[in-house]
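1. Just to be clear, the model below is a prediction. Sequence and coordinates:
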2 protein chains.
Amino acid sequence: MPPETKGQRTRSRIVEQAAAVFNQRGYEGTSMQDVMDATGLKKGGLYRHFSSKEQLAGEAFRYAWTEAMAGRTRDLDAIPGALPRLRHMIERFVTMRGPVPGGCPLMNMAIEADDGNPALRALAHEALREWQGRIVAIVRDGIAAKEIARSVNPRRLANRIIATLEGALMISRLERSREALADAQDNLSAELDAIATPRQ
Amino acid sequence: MPPETKGQRTRSRIVEQAAAVFNQRGYEGTSMQDVMDATGLKKGGLYRHFSSKEQLAGEAFRYAWTEAMAGRTRDLDAIPGALPRLRHMIERFVTMRGPVPGGCPLMNMAIEADDGNPALRALAHEALREWQGRIVAIVRDGIAAKEIARSVNPRRLANRIIATLEGALMISRLERSREALADAQDNLSAELDAIATPRQ
């Protein structure tokens, strides 16, 4: 790859700094003035790189989501076995502090855009599909390896894990307590125990 | 109660109509102009009843939440037994169309206000506590009546139900499909089967 130009570096920095603002305040709650304040750039400087707030918000979301997924799946490939991988992903979700402040970018965008901006809604839907796909692939591997019972429906289990974690995160953030997240981890852990193929 | 005055009726109508706008577009995404458009009132007419957008948004949220809870708990007292009551509440959440459009008012407000407006955040937290309290009371009754196993922690079960439903609602709204909600109902139903005290 050719070295990044100064313009590219500035662009990346804007996306990164804007992501923290958008993820905390939401798309509607963030003005271009807020982004100017966060980046120290003037309006002309921003619009040199992004044609609209929507475009910047979309890129900021993609950045925040990529960071969140990287955190949740860190070291995943080094772990042998489907069930330990699922447990690891759950543990990472529950214990890690989000790399971009403001909670889960997927949930934030999903809730704000489900009745709103179609382009941002599509990005949230794509992020959901990506996460579902990651989990479904692990579950299928586990079934193929006779580690997970064949009766398990991968898509259902993926939705089960995602719904439980996201709902618990909502409660935890409102209560400013890790309790609901820790409970969710215990519950999902028991559920994973129950779908393991009995050892021969 | 004395009959409602014309002013009170107007006030109630504003709250009701504003609730649909706020619940779909969010607090930040809703302007007083949007509320004027929805109610057909002029700015002076709105500010005669509400001193600020925040005050109106708070009352609109309380209205939307009261309606949502009324829908989820409708006919609940007529149902004998704690487990059938929990199943009924879950079924209502999964199958009913929200009385105020835009999804669950609690989740919408929780996600928007968790890093934002403290007054609205407090209202969301209060709504969460109210819902937790309703479920905890039913679970305690069930334990006292030896219908639910004594080992069950009522608060944990309440969070489990709320997190699963809210997370599944997020997925369902993004996918525009009832699938995730139906799966959540199946999962919770199996969980309630598992905590029933075995019949003597």
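-> Thanks, I have the structure now.

2. pLDDT weak spots in chain A?
-> Within chain A, the segments meeting pLDDT under 70 span A:1, A:199-200.

3. for it, which helix is longest?
-> helix A:118-144 (DSSP state H).

4. Show me which residues of it are buried.
-> For helix A:118-144, the buried set under the neighbour-count rule, 16 or more other C-beta atoms under 10 Å in any protein chain shown, comprises A:120-121, A:123-125, A:127-128, A:131-132, A:134-136, A:138-139, A:142-143. Placement of C-beta: from N, CA and C, glycine included.

5. near chain B, from those residues?
-> Among the buried residues of helix A:118-144, the ones lying near chain B by C-beta under 8 Å from any C-beta of the partner chain are A:121, A:124-125, A:128.

6. next one: phi and psi at residue A:196?
-> Dihedral angles of residue A:196 (phi, psi; degrees, to the nearest 10) stand at phi -70, psi 140.

7. The residue lying closest to it once chain neighbours are set aside: what's it in contact with?
-> In this structure, residue A:196 finds its nearest non-sequential neighbour in residue A:83, 6.0 Å apart by C-beta to C-beta, 6 or more residues apart in numbering or on different chains. Residue A:83 makes contact with A:142, A:147-148, A:192, A:196 under the criterion C-beta atoms under 8 Å, 6 or more residues apart in numbering or on different chains.

8. Out of those, which is nearest to residue A:186?
-> Of all the contacts of residue A:83, residue A:192 has the smallest distance to residue A:186: 11.0 Å, by C-beta to C-beta.

9. my read: the closest one touches residue A:86, true?
-> Yes - in terms of C-beta atoms under 8 Å, residue A:192 counts as a neighbour of residue A:86; the distance is 5.9 Å.

10. Those two - which one has more neighbours?
-> Taking other C-beta atoms under 10 Å in any protein chain shown, residue A:192 and residue A:86 do not tie; residue A:86 has more neighbours (25 against 19).

11. So the more buried one, which state does it fall into?
-> Using DSSP: H, G, I helix; E, B strand; the rest coil, the secondary structure recorded for residue A:86 is helix.

12. right, and it touches residue A:135 too?
-> Yes - here residue A:86 lies in contact with residue A:135, judged by C-beta under 8 Å, at a distance of 7.1 Å.

13. Pull up the overlap in contacts between those two.
-> Contact criterion C-beta under 8 Å, 6+ apart; residues shared by residue A:86 and residue A:135: residue A:161.

14. Can you tell me which of the ones next to chain B among the buried residues of helix A:118-144 comes closest to residue B:78?
-> Nearest to residue B:78 among these: residue A:128, at 37.9 Å, using C-beta to C-beta.

15. what residues are up against the closest one?
-> Residue A:128 is in contact with A:106, A:110, A:162, B:171, B:174-175, counting by C-beta under 8 Å, 6+ apart.

16. and if you look at residue A:31?
-> Contacts for residue A:31 (C-beta under 8 Å, 6+ apart) come out as residue A:53.

17. picking up where we left off before, generate CSV for the contacts of residue A:83, with distance to residue A:166 as supplementary columns.
-> What follows is the contacts of residue A:83, written out as CSV (distance: C-beta to C-beta, whole Å):
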residue, distance to residue A:166
A:142, 22
A:147, 26
A:148, 22
A:192, 18
A:196, 24
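
18. any idea which of those is closest to chain B?
-> residue A:192 (13.4 Å; C-beta to the nearest C-beta).
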